[in-house]
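Q: no sequence for this one, just the structure:
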């Protein structure tokens with residue numbers, strides 16, 4: 001019997017989806033109870049219904065780039081980023097036990113997963129690729145209906161949960177497929193204060209707009225550079241209803257939290273509606289010999305008491 005504290009985490013998808021895998025990888029000191037949500041908006045809805053529920057949300061992928069609508073949903077939600085996890089995405093071909101690839105007539109999965117595995121199926125022209133709403137859901141449908149001749153592309157966790165046999169592992173074309181997930185929830189000032197004291201806060205996500213003036217963005221970036229703040233991500237989105245004005249979402253890394261605060265004081269007069277979306281520890285990862293992503297260090301274990 002597990003002695004870990006239970007924690008609810010709203011995920012996009014059903015149990016076995018990559019969102020659940022990322023949630024379990026981040027909350028290693030908790031017993032994660034996934035709250036299945038059809039859409040990302042439903043993730044936020046679930047958090048509104050139960051303030052104790054955390055959420056996890058994909059924000060960018062190395063192959064397809066940023067998930068732009070998620071930036072807006074996060075900003076409008078009022079929730080804060082508690083951390084991040086970068087997950088190596090591996091796609092596995094699975095079916096009912098006893099089935100082989102020659103038995104399969106169709107393979108079902110999310111359109112993105114199918115697209116990322118097209119090269120593998122060129123050697124199996126007899127298999128028809130069918131789009132579905134979710135990778136894990138494709139696996140569940142096979143188990144529920146005991147469907148022979150049907151395969152799914154999903155995670156190894158989905159294969160385990162839905163009692164399917166993995167016919168072929170790692171069929172994705174590009175092996176450098178990573179998704180960055182954000183862990184979101186209510187602001188916990190006590191937790192953040194402890195992390196700051198131990199000098200473990202080293203990354204922030206910010207959003208601001210700028211006046212439509214020459215060099216306005218350049219001035220902000222120059223100030224950040226002066227304070228030794230490393231810009232790791234910048235994403236612009238238009239301000240709805242305002243011509244030629246944009247919101248800039250940026251991620252920054254730093255080694256000195258006080259110096260970082262000074263940089264914010266310096267850029268505030270130049271920005272409009274500057275908001276901190278989260279201050280947290282940057283995900284540090286390394287790779288094992290089988291290509292899976294492994295946490296290099298997990299300092300939240302002793303500090304999270306939520």
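A: Sure thing, it's come through. Note that the structure is predicted; figures quoted are calculated from it, not measured. Residues are numbered from 1 along each chain as shown.

Q: CA atoms for contacts and neighbours, from now on please.
A: Fine.

Q: contacting residues around residue 174?
A: Contact analysis of residue 174 by CA atoms under 8 Å, 6 or more residues apart in numbering lists residue 116.

Q: can you report phi and psi for the spatially most central residue of the chain?
A: The residue lying closest to the centre of the chain (CA atoms, centre = their mean) is residue 181, at 1.7 Å. Main-chain torsions, residue 181, degrees, to the nearest 10: phi -110, psi 140.

Q: state the pLDDT value of it.
A: pLDDT, residue 181: 98.

Q: how close does residue 96 sit to residue 145?
A: Note on residue 96: its distance to residue 145, by CA to CA, to the nearest Å, is 10 Å.

Q: more neighbours: those two, which one.
A: Legend: neighbour count by other CA atoms under 10 Å for residue 96 and residue 145, higher for residue 96 (23 against 8).

Q: thought the more buried one was touching residue 148?
A: Yes. The pair residue 96 and residue 148 passes the contact test of CA atoms under 8 Å, sitting 6.7 Å apart.

Q: so what sits against both of those two?
A: Shared contacts of residue 96 and residue 148, counting by CA under 8 Å, 6+ apart, come down to residue 142.

Q: what stretches of this structure score poorly on pLDDT?
A: Residue ranges of the chain with pLDDT under 70: 1-2, 285-306.

Q: helices along that one, start to end?
A: Using DSSP state H, the helices of the chain run over residues 18-26, 40-49, 68-77, 111-115, 118-121, 135-145, 156-161, 189-197, 216-226, 257-267.

Q: nearest to residue 92, out of those?
A: Closest approach to residue 92 among the helices of the chain is made by helix 156-161 (6.8 Å; CA to CA).

Q: in the stretch 201-306 of the chain, which spans are strands?
A: Taking DSSP state E, counting those that start in this stretch to define them, one finds strands in the stretch 201-306 of the chain at 203-209, 230-238, 246-253, 272-280, 285-287, 293-295.

Q: for the first one, packing partners?
A: Okay, so that is strand 203-209. In terms of contacts (3 or more CA pairs under 8 Å, 6 or more residues apart in numbering; DSSP states H and E), strand 203-209 is packed against strand 246-253, strand 272-280.

Q: highest average neighbour count across the helices of the chain?
A: Neighbour counts (mean count of other CA atoms under 10 Å) averaged over each of these peak at helix 18-26, with a mean of 23.

Q: my guess is residue 22 contacts residue 85, does it?
A: Yes. Counting by CA under 8 Å, residue 85 is a contact partner of residue 22 at 6.5 Å.

Q: who touches both of these two?
A: By the contact definition CA under 8 Å, 6+ apart, residue 22 and residue 85 are jointly contacted by residue 181.

Q: returning to that earlier point: excluding chain neighbours, what is closest to the residue nearest to the centre of the chain?
A: Closest residue to residue 181 apart from its sequence neighbours, by CA to CA, 6 or more residues apart in numbering: residue 58 at 4.3 Å.

Q: what about that neighbour, distance to residue 179?
A: Separation of residue 58 from residue 179 (CA to CA): 7 Å.

Q: for residue 263, give me its contacts.
A: For residue 263, the contact set (CA under 8 Å, 6+ apart) comprises 223, 224, 227, 229.

Q: how close does it get to residue 106?
A: Distance check for residue 263 against residue 106: by CA to CA, it reads 55 Å.

Q: equivalent analysis for residue 93, please.
A: Taking CA to CA as the measure, residue 93 falls 11 Å from residue 106.

Q: neighbour count: these two, which is higher?
A: Applying other CA under 10 Å to residue 93 and residue 106 shows that residue 93 carries more neighbours, namely 26 against 15.

Q: and the more buried one, what does it touch?
A: Listed by CA under 8 Å, 6+ apart, the contact partners of residue 93 are 151, 152, 153, 154, 166, 167, 168, 169, 171.

Q: I'd like those written out as CSV, with neighbour count and distance to residue 67 added.
A: As requested, these are exported to CSV (neighbours: other CA atoms under 10 Å; distance: CA to CA, whole Å):
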residue, neighbour count, distance to residue 67
151, 31, 28
152, 33, 24
153, 32, 22
154, 29, 20
166, 22, 29
167, 16, 31
168, 14, 29
169, 15, 27
171, 19, 24
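
Q: out of the residues you listed, who's nearest residue 238?
A: Closest to residue 238 out of those is residue 154 (34.9 Å), distances taken as CA to CA.

Q: no further questions, thank you.
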